[in-house]
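**Q** dropping the sequence and predicted coords here.
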Amino acid sequence: MLTDNTHTDIQELKQAKTAHDIHPLLKKRWSPRAFADQEIPEEVLNELFEAARWAASSMNEQPWQYVYAQKGTEAFNYIWDCIMEGNQPCAKEAPVLVVALKRKTFSRNGRPNGAALHDLGMAYEQLLMQATYRDLYAHMMGGFYRDQMEAYLDLGEDFEPAVVIALGYIGEPDQLEEPYKSRELAPRTRKEISEFVKAL
């Protein structure tokens with residue numbers, strides 16, 4: 001049961017229970033659905049994008065781009081409208097919505113970049129670790145209307161939206177209606193290493 005010190009309690013609840021020692025930031029990271037009504041300073045946002053900037057990528061292509069909007073703006077409302085209904089409750093209170101885009105081709109020769117989505121994921125992970133370091137949390141959503149998002153962002157043929165990220169400081173589980181509140185309060189689980197690792 002959570003006490004009056006909700007943020008501390010939920011961070012303890014969501015702390016990864018690992019079988020082997022890993023970095024504390026990796027244990028701390030999780031994807032909340034409730035966000036506090038607190039703005040993210042621009043300098044802190046820029047730190048997150050700086051972290052993404054230095055991610056590894058195939059041929060140093062860096063095939064990622066980000067567009068973002070702050071709560072209370074017309075752009076935020078447009079992005080929120082593109083999110084599927086099941087994800088909208090997890091995004092409506094976030095102070096920032098970020099759309100992560102991938103470039104589908106190599107800029108040097110126009111050939112398809114088969115590593116683009118992987119490399120975007122590398123950049124996102126670095127953004128996410130910097131966010132966790134700053135006590136920020138992100139909820140990544142693949143459930144959005146791509147055609148609607150592409151039309152709104154006027155992307156052209158070479159870029160496509162991959163995920164929408166709700167970004168902010170932890171809120172209160174009581175902000176959420178069911179089934180989201182129960183999910184917020186549920187312990188985190190993962191497959192055992194033996195289920196996805198095999199020594200040859």
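**A** Perfect, I can see it now.

**Q** downstream of the lowest-mean-pLDDT helix or strand in the chain, the next helix or strand is which one?
**A** Ranked by mean pLDDT, DSSP states H and E, the helix or strand of the chain with the weakest confidence is helix 6-14, at a mean of 79. Next helix or strand after helix 6-14 toward the C-terminus (DSSP states H and E): helix 24-28.

**Q** give the buried residues for that following helix.
**A** Buried residues in helix 24-28, counting neighbours by 16 or more other Cβ atoms under 10 Å, are found at 27, 28. C-beta coordinates here come from the backbone N, C-alpha and C atoms, glycine included.

**Q** next: stretch 69-84.
**A** Buried residues in stretch 69-84 (16+ other Cβ under 10 Å): 69, 71, 76, 79, 80, 82, 83.

**Q** can you tell me which of those is closest to residue 169?
**A** Comparing the buried residues of stretch 69-84 against residue 169 with Cβ to Cβ picks out residue 71 as the nearest, at 12.3 Å.

**Q** from residue 88, how far out is the residue nearest to that closest one when sequence neighbours are not counted?
**A** Among residues not flanking residue 71 along the chain, residue 95 sits closest, at 5.0 Å (Cβ to Cβ, 6 or more residues apart in numbering). For residue 95, the distance to residue 88 equals 16 Å [Cβ to Cβ, to the nearest Å].

**Q** so which of these two has more stuff around it?
**A** The residue with more neighbours, out of residue 95 and residue 88, is residue 95; 20 against 16, by other Cβ atoms under 10 Å.

**Q** phi and psi next, for that one.
**A** phi -70, psi -20 (degrees, to the nearest 10).

**Q** and it, what does it touch?
**A** Shown in contact with residue 95 (Cβ atoms under 8 Å, 6 or more residues apart in numbering): 35, 37, 38, 39, 40, 70, 71, 167, 168, 169.

**Q** which among the residues you listed count as buried?
**A** 35, 40, 71, 167, 168, 169.

**Q** can you give me the strands in this protein?
**A** Applying DSSP state E to the chain gives strands spanning 64-70, 96-103, 137-141, 159-168.
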